[in-house]
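Q: any chance you could fold what I've pasted below:
(one chain, ligands or ions: 3)
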Amino acid sequence: MFVSQQLSYKYALTAFFLFGLQGIVAVGGALELIFPDLTMPISYTSGRAFHLNISLYWPLLGMFAAIYFFFSRESGQEMYSRQLINVNYWLLVGTVVLVLGTLLLGYQEGREYLEALWPFKVATAISTILLSYNLMRTFWTAPVVKTRATLVSMLTGSLTLILFYVPNLFVYQHPTTDEIAKFLVVHLWEEMSLELIGIGVLAALLIEIGAVKRHLIETAVYLDVIFIAFAGILATGHHYYWIGVPAYWLWIGGIFSAMQVLPATVLLYSTLKNVSVKRFSELSNRDKITMGLIGSSTFYHIFGAGLLGFFMAYPPINRYVHGTYITSAHAHLALFGVFGFLVLALCFYILFYETVLNEKSYRWCWYAIGALNSGLMIMAGGLLLAGGLQCYFWRIIGLSIGETNELIRPYLALRAAGGGLYAMGSLGLTFLVIKSIWPNIRYFFYSTVPLPARQADLVRIRDLMMLFIEKAKIMEQVLRKILERLKKDR
Ligand code: HEM
Ligand code: HEM
Ligand SMILES: [Fe+2]
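A: Ligands and ions are numbered 1, 2, ... in the order given. Okay, here's the model as predicted:
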């Protein structure tokens with residue numbers, strides 16, 4: 001194991017912490033929509049800006065963890081600068097704390113999803129530059145073939161993070177230009193950069209736990225990189241329908257969005273074809289949880305992002321659903337469903353690389369994942385119903401916004417209930433992770449502090465023993481069957 005990999009622990013831990021925190025603030029916002037007279041310590045506008053920013057930052061921090069962890073592993077060497085990994089951590093975490101703090105106090109610039117004050121945006125851009133610089137320098141000297149798909153995918157994803165963020169450092173007087181810049185992040189960061197990084201780290205993880213063979217997944221990763229880049233860029237058009245750009249964007253957005261279904265399909269096809277499900281029982285507890293989280297992410301990739309997104313991107317339909325709670329359902333299913341679950345899987349895998357998760361906590365982790373999934377489904381179900389009715393009452397039969405809001409309130413209550421369940425799951429999972437890691441917390445921040453009692457070696461021996469026990473169990477069953485047959489034959 002490389003030191004660079006250990007340095008990524010703190011990123012993963014912080015991502016988990018922010019994920020736990022997000023649930024609490026979000027439930028407050030959901031309640032305020034049902035009971036507008038409720039007095040809250042922060043205004044709805046500040047809470048919403050906080051929610052949107054934390055939604056972008058914790059998956060980003062988790063992705064940074066996964067990139068450092070898997071890039072050094074896949075390139076077969078330490079990262080070019082380990083110092084830079086630490087510097088980047090404190091820069092990014094400091095920025096996130098200041099962004100969230102100032103947003104709660106009501107200081108913001110107004111561009112949705114990118115409300116943070118200018119200096120903090122510059123700091124975020126610097127973080128993405130430091131990441132890419134470290135990756136590039138490592139890539140040049142890597143003693144492996146330069147066409148290794150996992151590395152190429154992570155590197156291109158990281159470079160595009162800079163490309164799409166920088167235009168947001170500027171102020172645009174015209175609202176159309178402002179919207180164009182915003183969607184470079186809201187759409188292209190998510191549907192291109194994070195997709196590219198995600199596919200790279202996911203393939204690396206599946207190879208490492210032995211679920212797929214490298215040569216089988218390489219082609220799928222390359223195909224995905226091409227499809228993501230090809231469809232992703234022009235599919236940005238599905239956000240441009242009503243912002244004041246020429247009408248041909250309706251065509252561009254519609255056609256390229258339809259193509260966006262391709263990457264998820266290739267991913268699903270190659271996963272189903274190449275991942276050996278039989279071996280699930282042979283996986284360690286940690287890897288079973290990781291696979292459970294990856295499975296959840298794949299499910300929402302197909303249904304929440306792919307199919308629901310496809311439905312909404314058709315311009316004659318988008319005309320009605322645009323900006324309704326249907327968009328909100330898609331935003332939650334895609335952003336949390338796809339990237340949230342993926343980042344949780346990656347961070348869980350990384351955090352329990354050298355630390356043990358005891359049996360009891362392991363069982364509770366499954367309950368927490370169950371609560372997250374059911375909470376998200378209930379939340380999305382409530383939002384889809386609320387959004388459907390919004391389209392009908394407001395956009396079709398022409399009721400006022402006030403009347404419509406009264407009528408959809410029960411479904412928003414359903415969403416808040418789902419949010420409550422989700423928050424229980426997110427708090428539970430975060431608590432379990434932090435509790436299990438707490439005895440070694442110093443090690444997670446300073447990798448020079450040794451793990452007590454060569455814990456790392458013990459963990460590896462334990463994993464091998466578990467594998468051995470599983471195999472012994474299978475042997476026992478086979479022997480019993482043979483004995484039974486012998487008895488019958490006699
Ligand atoms: C994992 C990938 C995805 C993520 C993270 C994601 C995220 C989001 C988010 C956060 C929004 C809300 C933007 C806003 O508030 O203005 C949104 C809107 C939208 N997304 Fe996605 N999305 C993904 C994939 C897709 C795909 C594959 C499609 C189409 C095939 C799609 C089509 C749309 C459309 C049409 C809208 C605009 C809805 C409206 O007009 O109100 N998305 N997406
Ligand atoms: C306890 C769970 C959650 C609750 C109760 C919740 C609640 C809310 C509320 C009240 C809004 C404001 C407007 C609306 O109703 O859509 C919102 C918007 C949003 N939330 Fe959440 N949220 C939760 C979790 C998450 C997570 C985990 C993510 C992503 C990581 C996320 C991403 C977003 C996004 C992108 C929007 C903007 C959607 C749009 O404007 O179309 N939320 N959420
Ligand atoms: Fe999009």
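Q: what's the per-residue pLDDT of the closest residue to ligand 1 within the stretch 1-150 of the chain here?
A: Using CB to the nearest ligand atom, the closest approach of the stretch 1-150 of the chain to ligand 1 is made by Glu112 at 6.7 Å. Using the backbone N, CA and C atoms, a C-beta is placed for each residue, glycine as well. Glu112 is assigned a predicted lDDT (pLDDT) of 90.
Q: quick one: secondary structure of it?
A: coil (DSSP: H, G, I helix; E, B strand; the rest coil).
Q: tell me which stretches of the stretch 1-150 of the chain form helices.
A: Applying DSSP state H, counting those that start in this stretch to the stretch 1-150 of the chain gives helices spanning 3-7, 9-34, 44-75, 82-104, 118-141, 149-165.
Q: any idea which of the ones you listed is most buried?
A: helix 44-75 (a mean of 24; mean count of other CB atoms under 10 Å).
Q: residue in the stretch 301-450 of the chain nearest to ligand 1?
A: Counting by CB to the nearest ligand atom, the stretch 301-450 of the chain gets nearest ligand 1 through Gly309, at 2.4 Å.
Q: tell me which helix or strand comes right after the helix or strand that residue falls within.
A: Element membership for Gly309, per DSSP states H and E: helix 308-313. Going down the chain from helix 308-313, the next helix or strand is helix 315-321, by DSSP H and E.
Q: can you tell me what sits against the next helix or strand after that next one?
A: Per DSSP H and E, the first helix or strand lying C-terminal to helix 315-321 is helix 325-331. With CB atoms under 8 Å, 6 or more residues apart in numbering as the test, helix 325-331 has contacts from 304-305, 308-309, 312, 321, 379-380, 383-384, 386-388, 390-391, 408, 411-412, 415.
Q: please redo it, this time with the cut-off set to 6 Å
A: For helix 325-331, contacts defined as CB atoms under 6 Å, 6 or more residues apart in numbering pick out Leu308, Ala380, Leu383, Leu384, Ala386, Gly387, Gln390.
Q: please apply the same query to stretch 109-122.
A: Ala49, Leu52, Thr95, Leu98, Val99, Thr102, Tyr107, Gln108, Asn168, Leu169, Lys182, Val186.
Q: and the nearest residue to the second one once chain neighbours are set aside, how many neighbours does it have?
A: Once flanking residues are discounted, Leu52 sits nearest to Tyr113: 4.9 Å by CB to CB, 6 or more residues apart in numbering. For Tyr113, the neighbour count with other CB atoms under 10 Å is 16.
Q: what's the answer for Leu458, then?
A: For Leu458, using other CB under 10 Å, the count is 14.
Q: circling back: in helices, which of the contacts of helix 325-331 fall?
A: Of the contacts of helix 325-331, the ones assigned to helices by DSSP state H are Leu308, Ala380, Leu383, Leu384, Ala386, Gly387, Gln390.
Q: let's have those in a markdown table, adding neighbour count.
A: Formatted as a markdown table, those follow (neighbours: other CB atoms under 10 Å):
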| residue | neighbour count |
| --- | --- |
| Leu308 | 22 |
| Ala380 | 26 |
| Leu383 | 27 |
| Leu384 | 20 |
| Ala386 | 26 |
| Gly387 | 23 |
| Gln390 | 25 |
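Q: nearest to ligand 2, of these?
A: Using CB to the nearest ligand atom, those come closest to ligand 2 at Leu383, 6.9 Å.
Q: mind listing what the closest one touches?
A: With CB under 6 Å, 6+ apart, Leu383 has these contacts: Tyr325, Ser328, Ala329, Arg415.
Q: could you do Arg395 as well?
A: By CB under 6 Å, 6+ apart, the neighbours of Arg395 are Tyr320.
Q: tell me the spacing between it and Leu206.
A: 44 Å (CB to CB, to the nearest Å).
Q: and the helix holding Gly309, which residues are buried?
A: Neighbour-count burial for helix 308-313 flags Leu308, Gly309, Phe310, Met312, Ala313 (criterion: 16 or more other CB atoms under 10 Å).
Q: for stretch 175-185, same thing?
A: The neighbour-count check on stretch 175-185 (16+ other CB under 10 Å) flags Thr177, Asp178, Glu179, Ile180, Ala181, Lys182, Phe183, Leu184, Val185 as buried.
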